[in-house]
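Trainee: with the input below, show me the fold.
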Amino acid sequence: MKKILLLFAAFAALVSCKSTKALLPNVSGKAGEIIVVIDKADWEGNLGTKVRELLACDCPYLAQREPLYSLVNVPPGGFGDLFKVHRNILYFNINPQGDSAAVRYRSDVWASPQCMVQVNSPTSDKAAELLDENGTKIVGFIEQAERDRVIRNSIRYEQKEIAPKVAEVFGGSPHFPMGYKIKKLTSDFGWIADEKQYTMQGIFIYKYPVGSNDLTLSKIIDKRNTVLKDNVPGMFENTWMTTGTFMPPSLEFIRFRGRDFAQVRGLWEVENDYMGGPFVSHSFYSPDGDSIICAEAFVYAPRYDKRQYLRQVESILFSWEWAKD
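Mentor: Residues are numbered from 1 along each chain as shown. You can find the predicted model right below:
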């Protein structure tokens, strides 16, 4: 009888938790925006400078300067219901009577899907130290929340006929939201894009046999340039997409939800033309170990800031799933 009561209590708690989450309002605010709850004096002082250095630094590999995130300062006294439902919140709890100093990572506090980072500290100087010590984790937590929202919408509003066709060639596929269409699909190359009048958000997927030093930066870029020259012509004769050299690409190894891949960031350009923009690529082994698969996101938006366009299409790469047998 005691076990039955414990099981019932656990079930009731689970249902209550789900019901509470279902009752939360949807988040508000723009993608890429963070509400920073902090006193005006701290915002204008050293602590505010630390926040801006961490979250409003230049977004990497964009042709024009754009901040990593757009920050909105709200003093604690003005942090009412309107701001509590924002998608991303960085909350500073500076309390001289408090004896603990820590960073808490919270989700769905006042809205869903919400990301909240709470910095508890007895002093502003200690809060600045916490930012220095936990900066990478804080940025990663917010970045993952932004990414998950895109993935969630990609699955919810998926252009369902694309992934099965891509998976037939590559053994897996990202989830493509409405608006994306297949421009090209061969036995080893795919080009899927959302094209509008003045913008393009595109994804290339290609594969090649495993060789030596496959996941080094030089090998990834060499293969990229060869594949794109053969498959992505420019608007004019003797033009094609390639890797820009003005800002050398960077390589980072990432593990994400059980998958390991080499991530490259850089700028693309069109040989013998003036088109260009940012790209991010993920290179990884096929399940059988015989091929390297590269999934790449790129943006062309000459009239607009590119941070959010890139963040959206890059997030789609992270939705990759291997086809189920």
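Trainee: what's the following helix or strand after the helix or strand harbouring Gln312?
Mentor: Assessed by DSSP states H and E, Gln312 sits inside helix 307-317. Sequence order places strand 321-322 as the next helix or strand after helix 307-317, per DSSP H and E.
Trainee: partner strands of that next one, with direction?
Mentor: Strand pairing for strand 321-322, using DSSP bridges, gives strand 172-173 (antiparallel).
Trainee: go through the protein and flag its longest strand.
Mentor: Ranked by residue count and defined by DSSP state E, the top strand of the chain is strand 259-271.
Trainee: can you list contacts of that one?
Mentor: Outside strand 259-271, the residues that touch it by C-beta atoms under 8 Å, 6 or more residues apart in numbering are 60-61, 63, 215, 217, 220-221, 228-229, 234-235, 238-244, 246-254, 275-284, 298, 320. All C-beta atoms are positioned from the backbone trio N, CA, C, and that covers glycine.
Trainee: which of those are buried?
Mentor: Buried residues within the contacts of strand 259-271, defined by neighbour count using 16 or more other C-beta atoms under 10 Å: 61, 215, 217, 220-221, 228, 234, 239-244, 249, 251, 276-284, 298, 320.
Trainee: all strands of the stretch 101-250 of the chain, in order?
Mentor: According to DSSP state E, counting those that start in this stretch, the stretch 101-250 of the chain carries its strands in the segments 102-107, 115-121, 172-173, 181-185, 189-195, 200-209, 240-243, 250-256.
Trainee: now the helices for this protein?
Mentor: 2-23, 40-43, 46-55, 81-84, 124-156, 162-170, 217-231, 307-317 (DSSP state H).
Trainee: dump those helices to JSON lines, plus mean pLDDT.
Mentor: Formatted as JSON lines, the helices of the chain follow (pLDDT from 0 to 100):
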{"stretch": "helix 2-23", "mean pLDDT": "50"}
{"stretch": "helix 40-43", "mean pLDDT": "96"}
{"stretch": "helix 46-55", "mean pLDDT": "97"}
{"stretch": "helix 81-84", "mean pLDDT": "95"}
{"stretch": "helix 124-156", "mean pLDDT": "96"}
{"stretch": "helix 162-170", "mean pLDDT": "97"}
{"stretch": "helix 217-231", "mean pLDDT": "97"}
{"stretch": "helix 307-317", "mean pLDDT": "96"}
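Trainee: let me know which of those is tucked in deepest.
Mentor: helix 307-317 (a mean of 22; mean count of other C-beta atoms under 10 Å).
Trainee: pull the CA atoms of it into PDB?
Mentor: Extracted in PDB, the C-alpha atoms of helix 307-317 (Å, rounded to 0.1, in the frame of the first residue of the first chain):
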ATOM      1  CA  ARG A 307      23.500  37.900 -36.900                       C
ATOM      2  CA  GLN A 308      19.900  36.500 -36.600                       C
ATOM      3  CA  TYR A 309      19.800  35.100 -40.100                       C
ATOM      4  CA  LEU A 310      22.900  33.100 -39.400                       C
ATOM      5  CA  ARG A 311      21.800  32.100 -35.900                       C
ATOM      6  CA  GLN A 312      18.500  30.700 -37.400                       C
ATOM      7  CA  VAL A 313      20.000  28.700 -40.200                       C
ATOM      8  CA  GLU A 314      23.000  27.500 -38.000                       C
ATOM      9  CA  SER A 315      20.500  26.200 -35.400                       C
ATOM     10  CA  ILE A 316      18.900  24.000 -38.100                       C
ATOM     11  CA  LEU A 317      22.300  22.100 -38.400                       C
END
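Trainee: tell me what that helix is packed against?
Mentor: helix 124-156, strand 200-209, strand 276-285, strand 291-300 (3 or more C-beta pairs under 8 Å, 6 or more residues apart in numbering; DSSP states H and E).
Trainee: would JSON lines of these with distance to Leu310 be doable?
Mentor: Below are the helices and strands packed on helix 307-317 laid out as JSON lines (distance: least, C-beta to C-beta, whole Å):
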{"stretch": "helix 124-156", "distance to Leu310": "11"}
{"stretch": "strand 200-209", "distance to Leu310": "8"}
{"stretch": "strand 276-285", "distance to Leu310": "5"}
{"stretch": "strand 291-300", "distance to Leu310": "5"}
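Trainee: quick one: which of the ones you listed is nearest Tyr180?
Mentor: Smallest distance to Tyr180 across these (C-beta to C-beta): 7.7 Å, for strand 200-209.
Trainee: no further queries at this time; thank you.
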